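>>> okay, predicted coordinates and the sequence, questions at the end:
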Amino acid sequence: MCHGTAVALLPSSQDHKRAYDGDTGPNTGGMGAIAPVPWVSAADLEHVKKNVIIPVLQGMQKEGAPFTGTLYVGLMWTANGPKVLEFNVRFGDPETEALMPLLGGDVAALLLDAANGKIPNAIETRAGSAAAIVIAAQGYPDQPETGVPVEGLDDIPGDSVAVFHGGTRTEGNKTLSTSGRILAVSAWGDDLARALEGAYAAVSRVKIPGSFLRSDIGRRHAGAHKERTKS
């Protein structure tokens with residue numbers, strides 16, 4: 001969250017772009033995300049803030065176009081540290097669906113304050129981890145099938161679970177798919193393993209003929225909170 005050169009960091013998150021398990025298949029808009037990233041430390045985030053975010057904001061201010069809003073920094077972690085892949089001036093998807101369960105307080109108030117230049121020293125967050133699992137339509141990402149019934153939403157427990165509708169519409173009392181990424185189902189837990197357990201338990205209750213999802217979102221990091229994965 002930025003205003004001028006003032007910055008308050010949100011938790012880190014990691015998207016999973018490839019369509020199928022094992023990071024195989026075509027690139028997509030995102031098949032799921034975890035937050036925070038277990039191997040990204042507070043020192044790592046401060047490094048990104050100091051060496052990436054603040055210089056960009058200073059440059060925009062110098063050019064007469066100071067920035068206010070959400071600056072999404074897409075990074076690839078290399079042997080030489082983080083390298084920038086992209087910037088977006090919005091929340092990422094499905095990273096946002098993993099971030100929201102971790103934010104404390106009133107998110108709308110946070111955004112309004114940022115718009116008015118009131119950037120907090122730190123953004124209130126809750127302990128633990130969150131995971132978001134995307135349910136995609138048959139044929140995604142090339143030619144996704146649409147108009148497919150979405151069932152089982154009423155069977156998802158409400159505690160620590162949220163369903164984000166990415167591509168649905170209602171027709172009478174039915175919910176139908178409208179795009180390639182239909183739903184993102186998010187869950188919060190005391191740690192990543194519990195968050196993933198809750199998210200996958202919830203998506204198992206959703207019935208969308210022909211749909212698919214990745215079964216390995218965050219799996220290589222669950223339980224590996226202290227050791228950086230070098231892959």
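Noted; the coordinates are in hand. Values in this document were obtained by computation on a predicted structure and should not be read as measured data.

>>> which helix in the protein has the most residues?
Determined from DSSP state H, the single longest helix within the chain is helix 192-203.

>>> how about residues contacting that one?
Identification of contacts with helix 192-203 by Cβ atoms under 8 Å, 6 or more residues apart in numbering yields 34, 38, 128-133, 135, 156-157, 160-161, 163, 185-189, 213, 215, 217-219, 221-223, 225. To be clear about C-beta, it is placed using only N, CA and C from the backbone, and glycine gets the same treatment.

>>> 7 Å - rerun?
Helix 192-203 is touched from outside by 34, 38, 129-133, 135, 156, 160-161, 185-189, 213, 217-218, 221-223, with contacts defined as Cβ atoms under 7 Å, 6 or more residues apart in numbering.

>>> spatially central residue in the chain, please.
Taking Cα atoms, centre = their mean, the centroid of the chain lies closest to Glu95, which sits 1.1 Å from it.

>>> residue contacts, it?
Residues counted as contacts of Glu95 (Cβ under 7 Å, 6+ apart) are Ser13, Asp15, Ala33, Ala35.

>>> I'd assumed the third one was in a helix, is it?
No. Ala33 is assigned strand when assessed by DSSP: H, G, I helix; E, B strand; the rest coil, not a helix.

>>> tally of neighbours for the closest residue to it other than its chain neighbours?
Spatial nearest neighbour of Ala33, chain neighbours left out: Ala98 (4.2 Å); criterion: Cβ to Cβ, 6 or more residues apart in numbering. Using other Cβ atoms under 10 Å, Ala98 has 31 neighbouring residues.

>>> wait, what's in contact with Ala98?
Ser13, Ala33, Ile34, Ala35, Ala130, Ala131, Ala132, Ser186.

>>> is it in a helix, a strand, or coil?
Following three-state DSSP, Ala98 is assigned to helix.

>>> roughly how far apart are it and Phe164?
10 Å (Cβ to Cβ, to the nearest Å).

>>> and for those two, which residues touch both?
Ser186.

>>> which parts of stretch 194-203 are buried?
Arg194, Ala195, Leu196, Gly198, Ala199, Tyr200, Ala202, Val203 (16 or more other Cβ atoms under 10 Å).

>>> from these, which is closest to Gln143?
Val203 (22.9 Å; Cβ to Cβ).

>>> any idea of the pLDDT on that closest one?
Val203 is assigned 96 on the pLDDT scale.

>>> separation between it and Ala33?
14 Å.

>>> just the buried residues of the contacts of helix 192-203.
Buried among these (16+ other Cβ under 10 Å): 34, 38, 129-133, 135, 156, 160-161, 185-189, 213, 217-218, 221-222.

>>> of these, which belong to strands?
34, 129-133, 135, 161, 185-189 (DSSP state E).

>>> re earlier: tabulate the buried residues of stretch 194-203 (JSON lines), appending distance to Cys2.
Formatted as JSON lines, the buried residues of stretch 194-203 follow (distance: Cβ to Cβ, whole Å):
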{"residue": "Arg194", "distance to Cys2": "32"}
{"residue": "Ala195", "distance to Cys2": "28"}
{"residue": "Leu196", "distance to Cys2": "31"}
{"residue": "Gly198", "distance to Cys2": "32"}
{"residue": "Ala199", "distance to Cys2": "30"}
{"residue": "Tyr200", "distance to Cys2": "34"}
{"residue": "Ala202", "distance to Cys2": "33"}
{"residue": "Val203", "distance to Cys2": "34"}
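
>>> show me where the chain has strands.
For the chain, the strands defined by DSSP E cover 2-3, 6-7, 14-15, 18-20, 24-27, 32-35, 68-69, 72-78, 81-88, 129-136, 161-165, 168-171, 174-177, 181-189.
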